[in-house]
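Asker: Just need the structure, nothing else, for what follows:
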Amino acid sequence: MSAYSPPPASFPANVALTALRVVAAFIFITSGTTKIFAFPSALPPDTIAEPFNLIWVGGWLEMVLGTLIGIGLFTRFAAFLASGMMAVAYFKFHAPTDFWPTINHGGEAILFCFIWLYFAAVGAGPWSVDARRGGRR
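Answerer: Here you go, the predicted structure:
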């Protein structure tokens with residue numbers, strides 16, 4: 001008896017899945033480059049995160065995990081780690097400020113948490129390095 005496998009996705013669904021993965025990963029990477037290299041803009045007060053503090057580690061994780069997710073390599077694992085990282089970021093840095101995400105500026109962390117959780121569940125899709133390697137789709 002074989003395991004259930006869903007029917008293949010249509011071409012528009014594959015385009016949408018790939019576009020979401022690549023664009024979200026790019027935005028995630030730039031969040032990391034802002035923390036580490038002050039590019040494309042510096043964090044207030046125009047400083048780069050000090051090495052080995054929590055923001056610095058988070059910036060490197062955003063760049064590395066975002067790159068893996070963007071190219072679709074080890075996507076499920078990288079997305080699971082990134083989702084957990086965003087949940088921690090929200091509850092450690094945003095939620096203590098205020099309950100409402102629009103006030104505590106945590107909306108981006110919440111969205112990334114659930115976008116990465118989605119990719120941890122479904123994988124990178126057929127247009128990815130994982131698919132070329134013959135990984136689970």
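
Asker: quick one: average pLDDT of stretch 62-75?
Answerer: Per-residue pLDDT values across stretch 62-75 average out to 97.

Asker: just for the protein, where's the confidence low?
Answerer: When residues are selected by pLDDT under 70, those of the chain lie in 1-8, 42-48, 135-137.

Asker: again, 50 this time
Answerer: Counting by pLDDT under 50, the chain shows low-confidence ranges at 137.

Asker: which helices and strands sit right next to the strand or helix carrying A13?
Answerer: In the assignment (DSSP states H and E), A13 maps to helix 11-37. The criterion is 3 or more Cβ pairs under 8 Å, 6 or more residues apart in numbering; DSSP states H and E, and the helices and strands that helix 11-37 contacts are helix 54-71, helix 107-122. Placement of C-beta: from N, CA and C, glycine included.

Asker: Tell me which of these sits nearest to A79.
Answerer: Evaluated over the helices and strands packed on helix 11-37, closeness to A79 peaks at helix 107-122, with 3.9 Å, by Cβ to Cβ.

Asker: for that closest one, packing partners?
Answerer: Here helix 107-122 touches helix 11-37, helix 75-89, going by 3+ Cβ pairs under 8 Å, 6+ apart.

Asker: Against F11, how distant is S83?
Answerer: For S83, the distance to F11 under the criterion Cβ to Cβ, to the nearest Å works out to 27 Å.

Asker: Equivalent analysis for V129, please.
Answerer: V129 sits 20 Å away from F11 when distances are taken as Cβ to Cβ.
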